[in-house]
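# what follows is a predicted protein model with its sequence.
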Amino acid sequence: MEAVKEPLRLLQIEKDLAGPERNEALARYDAVLAALERRIASALKEGLPPDDYPKVEALREANTLARKILRLTVRVDG
């Protein structure tokens, strides 16, 4: 049942970013990603086991890409 919720959540994000309150939605979603970025930076600063480093680095890159996509989505739809 959880798998069904994910596409619905993504559709809601898309609607939020295309709606009249898109700037507020962008700020809200970006705040979540910014918090994740801070947690990743903290983990990297504290040090990670060698096996975890590539995974966290990939997550950092995905997070950066997600933030860029959010901004582009609002810019294109807005």
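Happy to help now that I have it.
# low-confidence ranges, the chain, go.
Within the chain, the stretches with pLDDT under 70 are 1-6, 77-78.
# switch to 90 and redo it
1-15, 17-19, 22, 70-78 (pLDDT under 90).
# residue boundaries of the helices in it?
2-18, 22-46, 53-77 (DSSP state H).
# for the shortest one, packing partners?
Okay, so that is helix 2-18. Here helix 2-18 touches helix 22-46, helix 53-77, going by 3 or more CB pairs under 8 Å, 6 or more residues apart in numbering; DSSP states H and E. Backbone N, C-alpha and C define where each C-beta goes, glycine included.
# other residues contacting it?
Helix 2-18 has contacts (CB atoms under 8 Å, 6 or more residues apart in numbering) with R22, A25, L26, Y29, L70, T73, V74, D77.
# could I get those as CSV with neighbour count?
CSV is the format used below for these (neighbours: other CB atoms under 10 Å):
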residue, neighbour count
R22, 17
A25, 21
L26, 19
Y29, 18
L70, 19
T73, 18
V74, 19
D77, 11
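# greatest separation within those residues: which pair is it?
Greatest spatial distance in the contacts of helix 2-18: Y29 and D77, 13.6 Å, computed using CB to CB.
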